[in-house]
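1. Have a look; sequence and predicted model below, questions after that.
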Amino acid sequence: MDKKLVIIPTYNEIENAEKIIRAVFSLPDGYHVLIIDDGSPDGTAAAVKSLMNEFPQRLFIIEREGKLGLGTAYITGFKWALQRDYDYVFEMDADFSHDPSDLPRLLQACVQGADFAVGSRYKDGVSVVNWPIARILMSYFASVYVRTVLGVRIYDSTAGFVCYSRKVLETLDLDAVRMKGYGFQIEMKYSAVKLGFRIGEVPVIFVNRKEGTSKMSGSIFGEAFWGVIALRFRKILPKSQKKLAD
């Protein structure tokens, strides 16, 4: 059976941590979960660790000191997964904005031929629940902006619900990823497409968090805006060629 890891970054997710872990483990096919907690002062890490005896060899945690950014959390998780021979690695939020029951749909897209699969809010119109209209418009047109500037056909480039096959993460130069916030999501998808990997976009319904506090900020969008322009002029090399170039 393929090994599957769901990476969930957390910062002050005490209301959601146990619930999201149990929701993933209730699915068939034996998903594993790696929590990457950035020093949550609310006890998120302790709540996760209290479950580890209940789910031995399925639940793991990496604790980091301070808020180091979404992108660095996922890069840390990707490297951890590659060292442990996982075949498929998922990105997912802790707050149930991504429905854990959609994980098998993303996996199936990869099994059927995609190299990585995106849970897309905009593949079939707009599928977002309980977001303010201003935020929906900002998110939607961010993806339009990315398609226009970078010339890639990705309907939801900022999506944080993704399944990567191992070969994508092995090929990408993870140490060269520069953006740390939600621009990280754009950079990862664009780099994978530029290196010839096939993307599958799976329509999902995105639901705004019911508990906890959003981590979104204006600076995150600012980084993405300028970062996309920089990406347009950057040469994307696979890790093997990058080492030769160095």
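-> Received it, and whenever you're ready, just let me know what you need.
2. All the strands of the protein, in order from the start?
-> Listed in chain order, the strands of the chain (DSSP state E) span residues 4-10, 32-37, 59-63, 88-91, 116-120, 128-129, 162-165, 199-203, 206-207.
3. Comparing those strands, which yields the minimum mean pLDDT?
-> By mean pLDDT, the lowest-scoring of these turns out to be strand 128-129, with a mean of 86.
4. partner strands of it, parallel or antiparallel?
-> Its sheet considered, strand 128-129 pairs with strand 206-207 (parallel) by DSSP bridges.
5. For the strand it pairs with, which outside residues touch it?
-> Strand 206-207 is contacted by residues Phe96, Ser97, His98, Asp99, Gly119, Arg121, Ser127, Val128, Val129, Asn130, Trp131, Phe161 when judged by Cβ atoms under 8 Å, 6 or more residues apart in numbering. The way it works is simple: take the backbone N, C-alpha and C, and place the C-beta from them, glycine included.
6. Stretch 106-117 too?
-> The contact list for stretch 106-117 (Cβ under 8 Å, 6+ apart) reads 4, 29, 88, 90, 118-119, 161-165, 167-168, 189, 192, 197-202.
7. Just the buried residues of those residues.
-> Among the contacts of stretch 106-117, those that count as buried by neighbour count (16 or more other Cβ atoms under 10 Å) are 4, 88, 90, 118-119, 161-165, 168, 189, 192, 197, 199-202.
8. Contact partners for Ile199?
-> Applying Cβ under 8 Å, 6+ apart, one finds that Ile199 lies in contact with Ala114, Asp115, Phe116, Ala117, Val118, Ile154, Lys189, Ala192, Val193.
9. Can you add distance to Val177 and give the residues you listed back as TSV?
-> Supplementary listing: the contacts of Ile199 in TSV, determined by distance: Cβ to Cβ, whole Å:
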residue	distance to Val177
Ala114	21
Asp115	17
Phe116	15
Ala117	19
Val118	17
Ile154	17
Lys189	11
Ala192	11
Val193	14
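10. and the spatially closest residue to Lys79 that is not a sequence neighbour, what does it touch?
-> The spatially closest residue to Lys79, leaving aside those adjacent along the chain, is Leu174, at 6.5 Å (Cβ to Cβ, 6 or more residues apart in numbering). Leu174 makes contacts with Ile75, Phe78, Lys79, Lys239, as judged by Cβ under 8 Å, 6+ apart.
11. Name only those of the residues you listed that count as buried.
-> Ile75, Phe78.
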